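[1] no sequence on hand, only this structure:
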């Protein structure tokens, strides 16, 4: 038995038919030299013989109020979780994205372990794809990326790569539960940590109010402080998906040349692209957009599951001058981190969870037309492996994050680094953003503008 943390549970509480809470990866690979479709299908048959480990072997069990746990699934069905699709020949990138967008719209079955793996065959140029989704309640992007690195190989001659669901790890909680002494000790620890968390939450709230109200720091973003745009709508179940890629070394050099980080430049490009898209649709934002910026809170090499926080970051007011926009976002990002600095991890996570639950409560109460949203979009940056990866000799050419949408938000722009490139995966609510590719085109235009400065 493995009890979910409060943050893990938050991704279950905020899930709805219109807002699935799974994270995913789209990897595009190429058949090894001399191999064809028969090799691919034989490999899939072999992968299906591999039993899953934790958490891929566990399903949800409701043990009472806020006591959801993961327990072994004694009816595990590998054919349900591992699936095979074939694109019409010759499969194009557009056809692949349309298929993945449809797969990504579907909720994971809570009666089964919360994951699916899809092998997609038939891409042109001897390519195929892995699309894998896992519920956010059991993994964040950092954990998910590590799992995939561990399942692959850095050698093209290694033929024994194991599937992502083959895990040796075990849940931290024993099936029999702690002893009486252990329960008493846990109670004291919980009380001590709870007092500290309450104090830190109070301090964080006071700090935000002081910075925003008294010191007029607009980068101290309060809950429900964003202005509504066409991105702030009920999205419906359907999803749109768009991708693009940039060379990492060139990208990093541009950021360094202007005294910024890679993440600062990522956020600036996203802001410029979205602003131009909205202006193109006759709906330019009157105020700077507010974005969730997921931040990794784990210690080096530590922690499974979700060890992240979602910080609200005010983006740029200046969009005609890319350098001015970068300077504003760099300042806003630093200011946001400074405000949350020195506060315990649990306090930051609980505050973020409360802010994330607010839009859901507003929506359920029918107040979404009256109250402002918490954010306009999500911008995230997940570091990945720097070296070329292989799976049973097949090189992984591209690796895109495909992630989730919060309630009342129609756009998530997540970038993952891999093998010398930055891969952007854009997920949108299809009804709100049927032409999501235009945002990607504006993203590429904004990058060229920085490159040509």
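    Ah, there it is. Because the structure is a prediction, the values reported are computed rather than measured.
[2] whichever strand or helix holds residue 42 packs against which elements?
    Secondary-structure assignment from DSSP states H and E places residue 42 in helix 37-47. For helix 37-47, the packing partners by 3 or more C-beta pairs under 8 Å, 6 or more residues apart in numbering; DSSP states H and E come out as strand 82-91, strand 115-123. C-beta coordinates here come from the backbone N, C-alpha and C atoms, glycine included.
[3] turn those into a markdown table, columns for mean pLDDT and distance to residue 279.
    Putting those into a markdown table (pLDDT from 0 to 100; distance: least, C-beta to C-beta, whole Å) gives the following:
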| stretch | mean pLDDT | distance to residue 279 |
| --- | --- | --- |
| strand 82-91 | 93 | 35 |
| strand 115-123 | 97 | 35 |
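[4] can you list the domains in this protein?
    As assigned by automatic domain parsing, the chain contains the domains 2-151, 187-384+406-451.
[5] list the buried ones in the following helix or strand past the helix holding residue 42?
    Per DSSP H and E, the first helix or strand lying C-terminal to helix 37-47 is strand 58-62. Buried residues in strand 58-62, counted by 16 or more other C-beta atoms under 10 Å: 58-60.
[6] A helix includes residue 97, no?
    Yes. The assignment for residue 97 (DSSP: H, G, I helix; E, B strand; the rest coil) places it in a helix.
[7] which residue is the nearest non-sequential neighbour of it?
    Once flanking residues are discounted, residue 97 sits nearest to residue 241: 4.7 Å by C-beta to C-beta, 6 or more residues apart in numbering.
[8] what about that neighbour, helix or strand, and which?
    Residue 241 belongs to strand 239-247, assigned by DSSP H and E.
[9] pull out the buried residues from that strand.
    239-244, 246.
[10] got those residues as TSV, with distance to residue 280 and pLDDT columns?
    Formatted as TSV, the buried residues of strand 239-247 follow (distance: C-beta to C-beta, whole Å; pLDDT from 0 to 100):
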residue	distance to residue 280	pLDDT
239	21	95
240	16	96
241	20	98
242	15	98
243	20	98
244	17	97
246	22	98
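[11] may I ask which two of those are separated the most?
    239 and 246 (23.2 Å; C-beta to C-beta).
[12] that older thread, the helix holding residue 42 vs strand 115-123, what angle?
    Going by axes from the mean of the first three to the mean of the last three C-alpha atoms, to 10 degrees, helix 37-47 is angled at 170 degrees with respect to strand 115-123.
[13] could you give the mean pLDDT of helix 37-47?
    Across helix 37-47, the average pLDDT comes to 95.
[14] so what touches that helix?
    Outside helix 37-47, the residues that touch it by C-beta atoms under 8 Å, 6 or more residues apart in numbering are 31-32, 82, 84, 119, 121, 128, 163, 392.
[15] got the residues you listed as CSV, with distance to residue 14 and neighbour count columns?
    CSV is the format used below for the contacts of helix 37-47 (distance: C-beta to C-beta, whole Å; neighbours: other C-beta atoms under 10 Å):
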residue, distance to residue 14, neighbour count
31, 40, 19
32, 42, 19
82, 28, 21
84, 32, 15
119, 30, 20
121, 34, 17
128, 34, 22
163, 29, 21
392, 37, 20
